[in-house]
Every structure is written in C-alpha cells, then in structure tokens.
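A.B. asks: Pasting the sequence and the predicted coordinates here, then a few questions.
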Amino acid sequence: MNNKIKVYLVGGAVRDQLLNLVVKDRDWVVVGATPDDLLAQGYQRVGKDFPVFLHPQTKEEYALARTEKKTGSGYTGFICDFSPTISLEQDLSRRDLTINALAQDLDGKIYDFYGGRADLHQRLLRHVSPAFTEDPLRVLRVARFAARYHALGFTIAPETRELMQQLSQSGELSHLTPERVWLETEKALLTAHPEVYFQTLHEVGALQVLFPELAALHGVPNPAKYHPEIDTFVHTMLVLQQAVQLTESEEEYKSAVRFAAICHDLGKALTPKQIWPHHYGHEKAGVRPTRNLCQRFKLPHAIQAFAELCCEYHSHIHKAFELRPDTLLKLFNRLDVWRKPERFKALLLVCLADSRGRTGFEHTDYPQREFVWQLYQSALTVNVQDIIQQGFQQQAIREELNRQRTRAIQQARDKRLACFTNSH
C-alpha cells in the first residue's frame, strides 16, 4: 500500500487488549484507500452495503473508513460515504460506545478521540454521539455489553440509558429484523450474566416491545413458601443465573438450556389474577407464548422444540417421586429419550436450574434429577430385538416393549424410593 494509506486496529480488539482480556477477533480500518487499492493488493471484497475486505493471508476483516447518514428507519436506513478523504476520527465517531471507538496503529499508538480510555477506567458504557439514536440495534448491543462486562463492574452511563429509553419508545425497535434480535440475544445468553441483558432491556422499556411474553411476568406473584423472591420475573432471572452455572462447560445445549430457562414459566403470565399466587396448569399454558416467541424470532426448530418441552414437562420432573411407572414411561416417550438422551439430560439441567433459581434454595439438593435418570437407564435395559425374537409382531412389539419398560421402571423406582426413604 502507498504511504497515504493508513491501517488501524479498531474496536473490540483494542478495548479487550486494554482490559487485559483475550482478544478473539481483530477488525481493521483502512484510511485513505479506495476499493481498487485493496483489490490490487489481493484483498477479497465481502461487504454488500459498504466495502469490507478479507486480508489475503489472515482473512481478518478490513473496512474502508466511512461515515453514515441516516435516511430511513431501522439499522439499515443509512447512506455510507467511504471516500479516501474520510479520517480515522470521522470513522470512529459513528461507533456506538466510547470504549469501542478506540484505534491502534501498526506501531502500537492508541487513538482515543472520544474518551474511551477514561470510560474503560471508570467502567462506563457511554455513547459516542447523539447519532447513537439513529440505530435501534444499539439498545440491544449496549444491553449485551452490560451483560458481558458486568463481572468487571461496568454500568451504563445515565445519559446513554436515557437515549436507550428514547429509542425504545420511538417505535424504531419494530424495524429490527428477527434474525438480528436473536443474534444479539444469543450472544447475550452466552455471556456470564445474561440476566443483566434482560433486566437492562426491561429498565429501558425494550423488553415490553421485543419480548412481551417475558415482560408480562413482572409483578406476577408466586407462593412465598416455595418462592421467597415472590415475583416471577425475578425467579426467571434467578433460574437463568443457575442455568449459566450449570452449562459453563456444556457446548451443545448451552444456548438451548439458557433460552428454555427464560421460557419455562411464561404460562404464569396467563394465570387469572383471582387465583394468584397459584398457577394451576401454567406448564401447558406456557407452550403457546413460548412458541410465539420462537416463531417471531425465527429460532432454530431444535431450540423451539426443547423450550416447549421444558415448559410443558418441568413440573413432571419436580414431581417424579409421585408419578406412577406408566406415567413415567409416557413422559419418557413424549420426551423421546430413547433417541435423544443428550436432550433429556439438558432438560433435567433446566429443571435443576428451576429448583435452585429461588432465593435461599441456590444450593439445595435436587434428587429428582438423578432419580429420573436412573429410571431411564433401567428402561434402556429392555432390548427390542429380544422382543422380536420372542415372536411379537407389528403393534404387539410396541405394546410388549412398553410393558417391559414399565416393569423395569417399576422395579428401579421401588428400589430407589426405598433407598431414598431410608436415607431420609
């Protein structure tokens, strides 16, 4: 590249480096260049709306410095200017937060035009300019950063919180695509404190707009004997905290378990007020709002199916000691534990999180989880090939399989209950 062209490391890589965190992704800004300049160097263009290029060797993203002008609704209603005359300071001015508006040149010098280093020191999430309100997605991004850096003591600056409230009330959030909302939400779910994301959205008025099913849980009481925290939204956030702890090393079902944690009690928002604080049938009632939420944000089918099962059947697991063997078998069949044992294991994690997600119950034993798993293991010992060899055919195979599995569950149940009773 010629001498007029300057390259800077920008955004999260500079921020996390200054926070002494592991830098995962590195993004670069190129000042003084045209698309042809980068193409001539072997860069591959990938951006549709504005020029973003992949480095020929590292495959890291390089974007031309640009400015944006608001022309329409949502986060896509912008005209971009990426002429070679755009300065680094102008490019950084369009960033969302001061801590993300930092740059570093190839010699290691930090460029900080908007007080990002001071805000890092003060642990503040503060907007760069009034242009913050031009992009509704920033409400979700700031809430996600609040969740991501909660453990480091970061809080949202009052003036930024005020702008988030204005955006939430403006109707702009309705222009966000479902995919973008879920993308930000899933990233938040994978942080150490996703409850901060949802609490922040509630505080600025965005939860009611984007997640009305979840917002409806605010103020819905539970029986104090079992739920000292009373409020169902508070309980849901406690369950989410527990789900995070239980899935720190879990990869396959991490998003699904944490999402199911926030959906498991959605049915309580539909309970008639006259029977509060009781919630008879809330499990089945919660399937519809869970489905609505999943379909609105076009969630993967596996996550939706899992959340619906957790919603409808978590109380069955809680009451496992009271269920008859044939009822337990019906539950196993409904949960398809025979083909999806890992999903069943994940569902039991959600139930454990639900049990511990109550004030004062955080470390309480939950023997139902081990009990139900052992009964499932016993039922697995029944071999369908043995049944076929005994001469059973067609529908009779299924009937005999259910009969033998029920007997295996019965025997294991009686044995486990005797041990449980003796130990208590």
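C.D. replies: It's in.

A.B. asks: tell me the secondary structure for Q241?
C.D. replies: Assigned state for Q241: helix (three-state reduction, DSSP: H, G, I helix; E, B strand; the rest coil).

A.B. asks: my read: it touches G357, true?
C.D. replies: Yes: taking contacts as CB atoms under 8 Å, Q241 lies within contact range of G357: 6.8 Å. Heads up, the C-betas are built off the backbone N, CA and C, glycines and all.

A.B. asks: neighbour-wise, which of those two wins?
C.D. replies: Between Q241 and G357, counted using other CB atoms under 10 Å, the more crowded position is G357 (25 against 21).

A.B. asks: so how many other residues sit close to T85?
C.D. replies: Neighbour count of T85, defined by other CB under 10 Å: 10.

A.B. asks: and if you look at K69?
C.D. replies: K69 is flanked by 12 other residues according to other CB under 10 Å.

A.B. asks: list the helices and strands the host helix or strand of it packs on?
C.D. replies: For K69, the element it lies in under DSSP states H and E is strand 67-70. Contact analysis of strand 67-70 by 3 or more CB pairs under 8 Å, 6 or more residues apart in numbering; DSSP states H and E lists strand 78-81 as its packing neighbours.

A.B. asks: The strand it packs on: what's the following helix or strand?
C.D. replies: helix 88-92.

A.B. asks: circling back to that earlier point, can you tell me what sits against the strand holding K69?
C.D. replies: Taking CB atoms under 8 Å, 6 or more residues apart in numbering as the criterion, the residues outside strand 67-70 that touch it are G77, F78, I79, C80, D81, I86, Q90, D91, S93, R94, A131, E134.

A.B. asks: Poorly predicted segments of the chain, please.
C.D. replies: Regions of the chain meeting the criterion pLDDT under 70 cover residues 1-3, 49, 70-78, 420-424.

A.B. asks: Quick check: most distant residue from the centroid of it.
C.D. replies: For the chain, the C-alpha lying farthest from the average C-alpha position belongs to G391; by CA atoms, centre = their mean, that distance is 49.8 Å.

A.B. asks: Next, the distance between the ends of stretch 337-344.
C.D. replies: With CA to CA, to the nearest Å as the measure, the first residue of stretch 337-344 is 6 Å from its last.

A.B. asks: Kindly apply the preceding question to stretch 383-393 instead.
C.D. replies: For stretch 383-393, the separation between the terminal residues is 15 Å (CA to CA).

A.B. asks: Tell me how many other residues crowd T200.
C.D. replies: With neighbours defined by other CB under 10 Å, the count for T200 comes to 26.

A.B. asks: ditto for R117
C.D. replies: 16.

A.B. asks: for it, helix, strand, or coil?
C.D. replies: On the three-state scheme (three-state DSSP), R117 is labelled helix.

A.B. asks: How about the contacts made by it?
C.D. replies: Contact criterion CB under 8 Å, 6+ apart gives L18, L102, I110 as the residues in contact with R117.

A.B. asks: Filter those residues down to the buried ones, PyMOL style.
C.D. replies: The following PyMOL line selects those of these that are buried, judged by 16 or more other CB atoms under 10 Å:
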select buried, resi 18+102
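
A.B. asks: Which of the contacts of R117 sits closest to T236?
C.D. replies: L18 (34.7 Å; CB to CB).

A.B. asks: Tell me which residues touch the closest residue to the closest one other than its chain neighbours, please.
C.D. replies: Across the structure, with CB to CB, 6 or more residues apart in numbering as the measure, the residue nearest L18 apart from its sequence neighbours is L120 (5.7 Å). Contacts were defined as CB under 8 Å, 6+ apart; by that measure L120 touches R15, L18, L19, I99.

A.B. asks: Cross these against helices and list the overlap.
C.D. replies: When DSSP state H is applied, the contacts of L120 are split such that R15, L18 fall in helices.

A.B. asks: buried subset of the contacts of L120?
C.D. replies: R15, L18, I99.

A.B. asks: Dump the residues you listed into CSV; add distance to A192 as well.
C.D. replies: Converted to CSV, the buried ones among the contacts of L120 look like this (distance: CB to CB, whole Å):
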residue, distance to A192
R15, 17
L18, 20
I99, 18
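
A.B. asks: Work out for me the element the residue nearest to L18 sits within.
C.D. replies: Residue-wise, L120 maps onto helix 116-122 under DSSP H and E.

A.B. asks: tell me which residues in that helix are buried?
C.D. replies: Judged by neighbour count using 16+ other CB under 10 Å, the buried positions of helix 116-122 are G116, R117, D119, L120.

A.B. asks: Tell me which two in the residues you listed are the farthest apart.
C.D. replies: The largest separation in those, counting by CB to CB, is between R117 and D119 at 7.4 Å.
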